[in-house]
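Give me the fold of what follows.
(chains A, B, C and D)
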2 protein chains.
Amino acid sequence: MTADSSEREWSKSEVRIMEATHRALLRYGYAQLSISRIASELDQSKASLYYHYDSKEDLLLSFLEYVTDQLESNIYTDNNESPSQELERFIETLLPLQLDDDESQLRAAMVELRSQAVMDEKFRKQFTEIDDRIVNHLERIISKGIGEGEFRNVDSTRVAEHMFATISGVMCNRATTNRENALA
Amino acid sequence: MTADSSEREWSKSEVRIMEATHRALLRYGYAQLSISRIASELDQSKASLYYHYDSKEDLLLSFLEYVTDQLESNIYTDNNESPSQELERFIETLLPLQLDDDESQLRAAMVELRSQAVMDEKFRKQFTEIDDRIVNHLERIISKGIGEGEFRNVDSTRVAEHMFATISGVMCNRATTNRENALA
DNA sequence: GTCTATAAGGCGATAGAC
DNA sequence: GTCTATCGCCTTATAGAC
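Residues are numbered from 1 along each chain as shown, chains lettered A, B, ... in the order given. Got it, this is the predicted structure:
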């Protein structure tokens, strides 16, 4: 199922490093994330990280792939739901209503990570891919809903694009302001 | 006009520093923005910056105020437009269709700056205020449009909040992906 | 594969002269 | 108000032993 595209193998030591990166990110945030801190979460030396990865950027790009893979595997567990249920569940995955502490911290960290995409072309490429997949998935659900007569006959591409922009905005605002939002 | 709240005095040397910060931000992006680089855009020494500001954070918070003030003065030049014209112009201000190079770079830099709000409470407070003002302005336009019978009778708060989320999302996506968006 | 030790450099910030 | 010089810290990354 879902052998969509970039699913890749994660060796045991890679996973350990990715999880250490995850913990360090939650603990210190992106701006304070350093190789030293990742290494100390891993209980190993900095040098050993450079055995596995060429550079910090390299490690972080891997981490981005890792998180993307986890998102994908959370998303594509199709049951036999109706399109509107599927849509609702998908949005709930992206924007959990109840903010489990670690989960909301991870979303926040992803917003920080995303800001790297402004100046770093490799990051931007990765985020472009992530976003494309999300929009495509939205569009698929909407088209299905239209086909089954559950949704009005709208331009599914435009609606998916619009929904995604709104979702991104809420994610960003949750992470960077003290304001509160409703959904729908 | 618009003596709304935080408009404050900007001395000549403050303005010079803010403009140097602006240039440094466009040139290097937030992650690579340092006191040294701002100083060299200013053609002065680092130490002189510390005469004017206590710390880097202090300087950047001032810069954020500076940019906010500029946004406000761009926004509140009311003509006698209809609400829908006003709305359109306001959105065009936030999300210029044609991406003047420096302008779009500044938007991008603001996205980077915003990501600081994830971990820094002072930044978050500042962005919360900015966003509140934008939403309030949107709401005012919508309410006026409803009063004049130009818009449908909707919940102006909710609609303003929704529109703002969408706008934020587009800003963020423009800055961090290579994807393209339409508007409406 | 992991370690210790260290190189090389940028950073924020300060001291003290002018 | 601006300068030069410098402190102390932390960073990414590497060398070389085990």
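
Give the buried residues for stretch A:66-76.
By neighbour count on 16 or more other Cβ atoms under 10 Å in any protein chain shown, the buried set for stretch A:66-76 is A:66-68, A:71-72, A:75. Where C-beta positions appear, they are placed from N, C-alpha and C, glycine not excepted.

quick one: which two of those are the most distant?
Within those, A:66 and A:75 form the most distant pair, 15.2 Å apart (Cβ to Cβ).

The helix ranked longest in chain A - contacts with which helices or strands?
Within chain A, and with DSSP state H defining each element, the longest helix by residue count is helix A:121-147. Packing partners of helix A:121-147 (3 or more Cβ pairs under 8 Å, 6 or more residues apart in numbering or on different chains; DSSP states H and E): helix A:56-75, helix A:83-94, helix A:101-115, helix A:156-176, helix B:156-176.

Counting neighbours, what do you get for the nearest residue to residue A:103 once chain neighbours are set aside?
Nearest residue to residue A:103 in three dimensions, chain neighbours excluded: residue A:96, at 6.0 Å (Cβ to Cβ, 6 or more residues apart in numbering or on different chains). By other Cβ atoms under 10 Å in any protein chain shown, the residues close to residue A:96 number 12.

same check, this time on residue A:127
By other Cβ under 10 Å, the residues close to residue A:127 number 24.

Pretty sure residue A:117 is one of the things it touches, is it not?
Yes. Taking contacts as Cβ atoms under 8 Å, residue A:127 lies within contact range of residue A:117: 4.7 Å.

any common contacting residues for those two?
Shared contacts of residue A:127 and residue A:117 (Cβ atoms under 8 Å, 6 or more residues apart in numbering or on different chains): B:176-177.

picking that back up, so which of the buried residues of stretch A:66-76 is the closest to DNA strand C?
Closest to DNA strand C out of the buried residues of stretch A:66-76 is residue A:66 (17.0 Å), distances taken as Cβ to the nearest atom of the strand.

Specify the residue positioned farthest from the middle of chain A.
What lies farthest from the middle of chain A is residue A:149; by Cα atoms, centre = their mean that is 30.8 Å.

Phi first, then psi, for that one.
Main-chain dihedrals, residue A:149, degrees, to the nearest 10: phi 80, psi 10.

Residue A:39 now?
Dihedral pair for residue A:39: phi -60, psi -40, per degrees, to the nearest 10.

Also residue A:9?
Dihedral angles (degrees, to the nearest 10) for residue A:9: phi -80, psi 140.

Output the below-cut-off pLDDT ranges for chain A.
Along chain A, segments meeting pLDDT under 70 span A:1-6, A:76-78, A:182-184.

can you do 50?
Within chain A, the segments meeting pLDDT under 50 span A:1-4.

So which residues on it come close to DNA strand D?
Residues of chain A lying close to DNA strand D (Cβ under 7 Å from any atom of the strand) are A:32-37, A:46-47, A:50, A:54-57.

Up against DNA strand C, what does chain A have?
So far as Cβ under 7 Å from any atom of the strand goes, chain A lies against DNA strand C at A:13, A:43-48, A:51-52.

Can you turn the buried subset of those residues into a selection I can paste into ChimeraX?
Selection command for ChimeraX covering only the buried members of the residues of chain A next to DNA strand C, criterion 16+ other Cβ under 10 Å:
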select /A:44
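
can you put the residues of chain A next to DNA strand C in a markdown table and add distance to chain B and secondary structure?
Below are those laid out as a markdown table (distance: Cβ to the nearest Cβ, whole Å; DSSP: H, G, I helix; E, B strand; the rest coil):
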| residue | distance to chain B | secondary structure |
| --- | --- | --- |
| A:13 | 29 | helix |
| A:43 | 24 | coil |
| A:44 | 26 | coil |
| A:45 | 26 | coil |
| A:46 | 21 | helix |
| A:47 | 25 | helix |
| A:48 | 26 | helix |
| A:51 | 26 | helix |
| A:52 | 24 | helix |
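
and the nearest residue to residue A:94 once chain neighbours are set aside, how many neighbours?
Setting aside the residues directly before and after it, residue A:94 is nearest to residue A:167 in space (Cβ to Cβ, 6+ apart), at 5.6 Å. Using other Cβ under 10 Å, residue A:167 has 21 neighbouring residues.

how close does residue A:167 get to DNA strand C?
With distances taken as Cβ to the nearest atom of the strand, to the nearest Å, residue A:167 is found 33 Å from DNA strand C.

My read is that that residue contacts residue A:95, right?
Yes. The pair residue A:167 / residue A:95 is scored as a contact, 6.1 Å apart, by Cβ under 8 Å.

who touches the residue lying closest to residue A:132 once chain neighbours are set aside in this structure?
Distance criterion Cβ to Cβ, 6+ apart; nearest residue to residue A:132, sequence neighbours excluded, is residue B:179 at 6.7 Å. By Cβ under 8 Å, 6+ apart, the contact set of residue B:179 is A:128, A:131-132, B:173.
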